[in-house]
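S.K.: Here is my input, please return the structure:
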Amino acid sequence: MNKSMIPITPGLLALISGESQLPMPFTHEIFLLEIVVAGTTFCEQIKEIEPQIVPEKVLTMQREPHNQHDTFAIAIYCDDVKIGYVPADMNLVCSRLMDAGKHFFCRVENKAWKHEWLKIRANVYMVE
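M.R.: Residues are numbered from 1 along each chain as shown. The predicted structure follows:
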């Protein structure tokens, strides 16, 4: 019997924690919600990042359990820029699932400027 230990490397830790960029086998996307991204007017870089926000663009989602305005807050990022949030009236179930270890993302449907507000419609998916 081989009793050797597997050395713990940063790559192994990333894989175990789900932070790895490797594709996950046997996964599929489960469509959950249609949203309009909330709070885009508070993103100081929205005009610079707007050209990258195109239909079918995948946006990442990250829980903010210590958000002072909403303990169920879920931030939405385009690359490394926080562009807004899942609307507060729609984030409860997703935030609880994220806290339980489920992974989520958004996919842009469309966008339109409404005066100084960038209205971004996106679909929310859970990875299962």
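S.K.: and residue 36, how many residues sit next to it?
M.R.: A total of 14 residues lie near residue 36 under the criterion other CB atoms under 10 Å. Any C-beta I mention is one placed from the backbone N, CA and C, and that applies to glycine too.
S.K.: Repeat that for residue 92.
M.R.: 14.
S.K.: Tell me, what's the model's pLDDT at the residue nearest to it when sequence neighbours are not counted?
M.R.: Leaving aside its sequence neighbours, residue 92 sits nearest to residue 72 (CB to CB, 6 or more residues apart in numbering; 5.3 Å). The per-residue pLDDT reported for residue 72 equals 98.
S.K.: Residue 72 contacts residue 89, doesn't it?
M.R.: No. With contact defined as CB atoms under 8 Å, residue 72 does not reach residue 89; the gap is 10.2 Å.
S.K.: Settle it for me: which of these two has more neighbours?
M.R.: More neighbours surround residue 72 than the other of residue 72 and residue 89, with 20 against 7 (other CB under 10 Å).
S.K.: who's in contact with the more buried one?
M.R.: Applying CB atoms under 8 Å, 6 or more residues apart in numbering, we find residue 72 in contact with 65, 88, 91, 92, 95, 96.
S.K.: and it, how far is that from residue 86?
M.R.: For residue 72, the distance to residue 86 (CB to CB, to the nearest Å) stands at 9 Å.
S.K.: ranges for the helices of the chain?
M.R.: Under the criterion DSSP state H, helices of the chain are mapped to 10-17, 46-49, 92-99.
S.K.: Please identify the buried residues of the last one?
M.R.: Of the residues in helix 92-99, those buried under the neighbour-count criterion (16 or more other CB atoms under 10 Å) are 94, 95, 98.
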